[in-house]
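> need a 3D model of the sequence below.
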Amino acid sequence: MSDLFKAAGLEDKAPRPLADRMRPQRLSEVVGQDHLLGADGALTRLLRGGALGSMIFWGPPGSGKTTVARLLAGETTLAFVQASAIFSGVAELKKIFDAARARRATGQGTLLFIDEIHRFNRAQQDSFLPVVEDGSITLIGATTENPSFELNAALLSRARVLTFRALDAAAIEQLLERAEQVEGKPLPLDADARAALAAMADGDGRAALTLAEEVWRAAKPGEVFERAALAEIVQRRAPIYDKAQEGHYNLISALHKCVRGSDPDAALYYLARMLDAGEDPLFLARRIVRMAVEDIGLADPQALVVANAAKDAYDFLGSPEGELALAEAVIYVATAPKSNAAYVAMKRAERLAREKGSLAPPKIILNAPTKLMREEGYGAGYEYDHDAPDAFSGQNYWPESLAPQKLYEPVERGFEREIGKRLDYWERLRKDRSQS
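Sure, this is the predicted structure:
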């Protein structure tokens, strides 16, 4: 029936939201994503090279993920298929995959766009792997959640993650100017109210256009609204911060540095500001976990436990009760002893691994499940530490061509002071046994 309406032209006459009417028809019309779509943008380079590959679009709502995915199909010879993780199940995915394989047999590829891909469970995410690997589909998944936490490692390894940014004030202004051209009339707001509307959109282009549409509906001929009148019309106040100035990244940086600097009061202040402005509490929870591992580490191993528990408590309780768990975690990590020794050690280990390549471990610590491996010396000479004096054999576990390295250096604070004592003790035993 909808096809009949479309053929008769009736659908074109139906009322459509401003945001839908203004949906870009070309990639060049997408605003706020120059790092992806500019002259040297990541997507621009991929299109120039003629091979897209599977991708995950990660970014906040209203940043253009769905629009860009649709437009990409038009830039290629791929058939565009769209599905939502909210409404699609295994049966529908199987039909999509079978159709994609059929197209591939005729020489045409398929660009499959999955909105809210993080809502698929692990098994459903795994179902994409065969059709991505054999080239039946080029997958583009859109998500507002951190892919590292929400998507399978196997799927992530086969797709490139592209980050969409929340629209800044300049990008929102571009949208409003285009909206005025489409509507054929200026937005009835003074300069201050116009800036407030952009702040209310909070980086969401779709929200900005929806708010503008509400303003046009409310305005009488010749009426121009000030900031206070705008708030009354849209029933929404401007956030405590906007992303063009102090913003999301500045305040999360402030929160992190207050924790690192052991100031729980200032840390709580910035936490409260971000929550009051509508920041995603789970984003904050993840950042607190990062603080626990990056800035506290083994000086207080309990910090990671508390941070993870706060995230789980928020998941369980929701808002506003769960926000107290985040506050408790912020106080804990801010008052915990600090050490980045584990962070520094890992960076050293990564650098060493890159520089030295694929060195084989010594045979003494390799298992020998077969006769041939035993004859080759696998496991020969290994000393079981629990049978050694002090449960410490002091063997050298480094590759034969690589001298033992010192990567982890515990600080003299918190629990790491005890770890340092243990390492010194084992080093004395190692030297004593090498001399005996």
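> could you pull up phi and psi at T163?
With angles defined as degrees, to the nearest 10, T163 shows backbone torsions of phi -100, psi 120.
> list the contacts of it.
58-59 (C-beta atoms under 8 Å, 6 or more residues apart in numbering). C-beta here means a position set from N, CA and C on the backbone, and glycine is covered the same way.
> kindly state the beta-bridge partners for it.
Taking DSSP bridges, one obtains W58 as the residues bridged to T163.
> now the lengthiest helix in the chain, how far from the centre of its chain.
Of all segments of type helix in the chain, defined using DSSP state H, the longest is helix 414-435. A distance of 40 Å separates the centroid of the chain from that of helix 414-435, by C-alpha atoms, centre = their mean, to the nearest Å.
> cool, stretch 57-73 as well?
15 Å.
> and that stretch, how far apart are its ends?
This stretch, stretch 57-73, spans 15 Å end to end (C-alpha to C-alpha, to the nearest Å).
> for the longest helix of the chain, packing partners?
With contacts defined as 3 or more C-beta pairs under 8 Å, 6 or more residues apart in numbering; DSSP states H and E, there are no secondary structure elements packing on helix 414-435.
> buried stuff in that helix?
Of the residues in helix 414-435, those buried by neighbour count under the rule 16 or more other C-beta atoms under 10 Å are 414-416, 419-420, 429-430.
> ok, and what's touching the strand or helix carrying I331?
I331 is part of helix 321-335, with elements assigned from DSSP states H and E. By C-beta under 8 Å, 6+ apart, the list of residues contacting helix 321-335 from outside reads 255, 258-259, 262-264, 267-268, 271, 275, 281, 284-285, 288, 291-292, 295-296, 303, 306-307, 309-310, 313-317.
> same thing but 6 Å
By C-beta atoms under 6 Å, 6 or more residues apart in numbering, the list of residues contacting helix 321-335 from outside reads 259, 262, 264, 267, 271, 275, 284, 288, 291-292, 303, 306-307, 310, 313-314.
> which one (most neighbours) among those?
Note: the member of the contacts of helix 321-335 with the most neighbours is V259, at 31 neighbours, neighbours being other C-beta atoms under 10 Å.
> which element is that one on?
In this assignment (DSSP H and E), V259 forms part of helix 247-260.
> summarise which helices and strands that helix is packed against.
helix 264-276, helix 281-291 (3 or more C-beta pairs under 6 Å, 6 or more residues apart in numbering; DSSP states H and E).
> okay, now A79: neighbour count?
When neighbours are defined as other C-beta under 10 Å, A79 has 15 of them.
> and if you look at E183?
A count of nearby residues for E183, using other C-beta under 10 Å, gives 15.
> if we can go back for a sec, what comes into contact with the helix holding V259?
241, 266-267, 270-271, 274, 287, 291, 295, 333-334.
> just the angle between it and helix 264-276, please?
Calculated by axes from the mean of the first three to the mean of the last three C-alpha atoms, to 10 degrees, helix 247-260 forms an angle of 160 degrees with helix 264-276.
> quick one: helix 247-260 to chain centroid distance?
On C-alpha atoms, centre = their mean, the centre of helix 247-260 falls 17 Å from the chain's centre.
> and it, which residues are buried?
Within helix 247-260, the residues that qualify as buried by neighbour count (16+ other C-beta under 10 Å) are 247-248, 251-252, 254-256, 258-260.
> what's the domain layout of the chain?
With domains defined by automatic domain parsing, the chain comprises 33-163, 169-234, 247-335, 361-435.
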